[in-house]
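S.K.: kindly generate the corresponding structure for this input.
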Amino acid sequence: MTRGIARKISQGAIGIAMGLVYYVLYVVALPVAFQSVVGLLVEFRPPADPSIFLALFIALGVGEGIAPATVGASLGLLSKVVGSLYIYYATNGGVISVALAGYRATIDLSLLIYAIVAGSIIVGVLGASARACEGASKV
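M.R.: Residues are numbered from 1 along each chain as shown. Predicted coordinates:
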């Protein structure tokens, strides 16, 4: 019994780590990458307070770690969808505005945003299906 509890605690700790990884990837690293691609100071308008996304990613990561395989796979996919939607809304759907010497320039990176969203969802679906199949084979 204590071994099962220790296993759940370790899976929860791994879930916290994965939630932090998703937060750093989607909320910190990708906006910085967009600024370096554009080469200018870009205005990002996050859809909500970033700490809400930190809590959400950690909660989904813990749920993914301790839930049964099929539910955990769904929560893992949901983490990727939430991160993709964060990037989509923070960049206004890929249309980024930049202020230059009193003028406002608009850059359309929507194709890049769509590729990131699609790639994230495809990787999430493949990971979720692999995890669900793995969990089904244990039964």
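S.K.: now Leu54, nearest residue through space, not along the chain?
M.R.: Tyr23 (4.9 Å; Cβ to Cβ, 6 or more residues apart in numbering). (Each C-beta comes from the backbone N, C-alpha and C, glycine too.)
S.K.: for the protein, just list every one of the strands.
M.R.: 95-100, 103-108 (DSSP state E).
S.K.: which helices and strands does the last one pack with?
M.R.: Read it as strand 103-108. strand 95-100 (3 or more Cβ pairs under 8 Å, 6 or more residues apart in numbering; DSSP states H and E).
S.K.: tell me what angle the strand it packs on forms with strand 103-108.
M.R.: Relative orientation of strand 95-100 and strand 103-108, computed by axes from the mean of the first three to the mean of the last three Cα atoms, to 10 degrees: 150 degrees.
S.K.: from the contact counts, what lies against strand 95-100?
M.R.: For strand 95-100, the elements it packs on are helix 30-38, strand 103-108, judged by 3+ Cβ pairs under 8 Å, 6+ apart.
S.K.: swap the cut-off to 6 Å and go again
M.R.: strand 103-108 (3 or more Cβ pairs under 6 Å, 6 or more residues apart in numbering; DSSP states H and E).
S.K.: in the strand it packs on, what's buried?
M.R.: Of the residues in strand 103-108, Ile107 count as buried by neighbour count, 16 or more other Cβ atoms under 10 Å.
S.K.: now it, how far from the centre of its chain.
M.R.: Its chain's C-alpha centre and that of strand 103-108 lie 27 Å apart, by Cα atoms, centre = their mean, to the nearest Å.
S.K.: for it, which strands pair with it and how are they oriented?
M.R.: strand 95-100 (antiparallel) (DSSP bridges).
S.K.: low pLDDT regions in the protein?
M.R.: Along the chain, segments meeting pLDDT under 70 span 1, 37-44, 135-139.
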